[in-house]
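> Could you work out the structure for the sequence below:
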Amino acid sequence: MKWTTTNGGKKFQIEQEANEFAGRLLVPENRLAEKFDEFAGQAEKVIPDFMQNGQLRDQFSQRVSSVFAVNAQVIAVRLERDGIWPSN
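Predicted structure coming up:
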C-alpha cells in the first residue's frame, strides 16, 4: 500500500489519530481537569473573568506541561478538545 503525504491522505489521518491517542494517554482528561480546578479556584479570586484571558491560558498550559512531561501545545490542545478551557 502506498501512503499519500497530502493533508487529506491516509498517512495524515493515521498521524492525527496517533497524536490524539498519545495526548489522551499522556494527559488524561480527569487529571488535567483536576489541575485546572485547582488553578481556577485561585484565579477566580483575583481575575473574575480569567477564562477570557488567552495569555493566562497559555501560561497555565506552560506551567502544567511540566507536570505531564509534555510541551505546552499538548496541554492547550487537551484544554480545547476536552472543553476544559476553550480558546476564544
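
> the bottom helix or strand of the chain by mean pLDDT?
Least confident helix or strand, the chain: helix 10-26 with a mean of 85, by mean pLDDT, DSSP states H and E.

> Tell me the buried residues in it?
Within helix 10-26, the residues that count as buried by 16 or more other C-beta atoms under 10 Å are residue 23. Glycine gets a C-beta too; all of them are placed from N, C-alpha and C.

> Please report phi then psi for residue 82.
With angles defined as degrees, to the nearest 10, residue 82 sits at phi -90, psi 0.

> which residues does it contact?
Shown in contact with residue 82 (C-beta atoms under 8 Å, 6 or more residues apart in numbering): 29, 32, 33.

> Name only those of the residues you listed that count as buried.
Buried, going by 16+ other C-beta under 10 Å: 32, 33, out of the contacts of residue 82.

> just for this protein, where's the confidence low?
1-8 (pLDDT under 70).

> Just the strands from it, written as ranges.
Using DSSP state E, no strands are found in the chain.

> In the chain, mark out all the helices, start to finish.
Ranges of helices within the chain are 10-26, 29-46, 54-68, 72-81, based on DSSP state H.

> can I get these in a markdown table with distance to residue 88?
Shown next, in a markdown table, are these (distance: least, C-beta to C-beta, whole Å):
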| stretch | distance to residue 88 |
| --- | --- |
| helix 10-26 | 21 |
| helix 29-46 | 16 |
| helix 54-68 | 6 |
| helix 72-81 | 11 |
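
> picking up where we left off before, and the least confident helix or strand of the chain with helix 72-81, angle?
90 degrees (axes from the mean of the first three to the mean of the last three C-alpha atoms, to 10 degrees).

> helices or strands up against helix 10-26?
If you count contacts as 3 or more C-beta pairs under 8 Å, 6 or more residues apart in numbering; DSSP states H and E, helix 10-26 packs onto helix 72-81.

> Off-centre distance for the helix it packs on?
1 Å (C-alpha atoms, centre = their mean, to the nearest Å).

> which secondary structure elements does it contact?
Secondary-structure packing of helix 72-81 (3+ C-beta pairs under 8 Å, 6+ apart): helix 10-26, helix 29-46, helix 54-68.

> I'm done for today, thanks for sticking with me.
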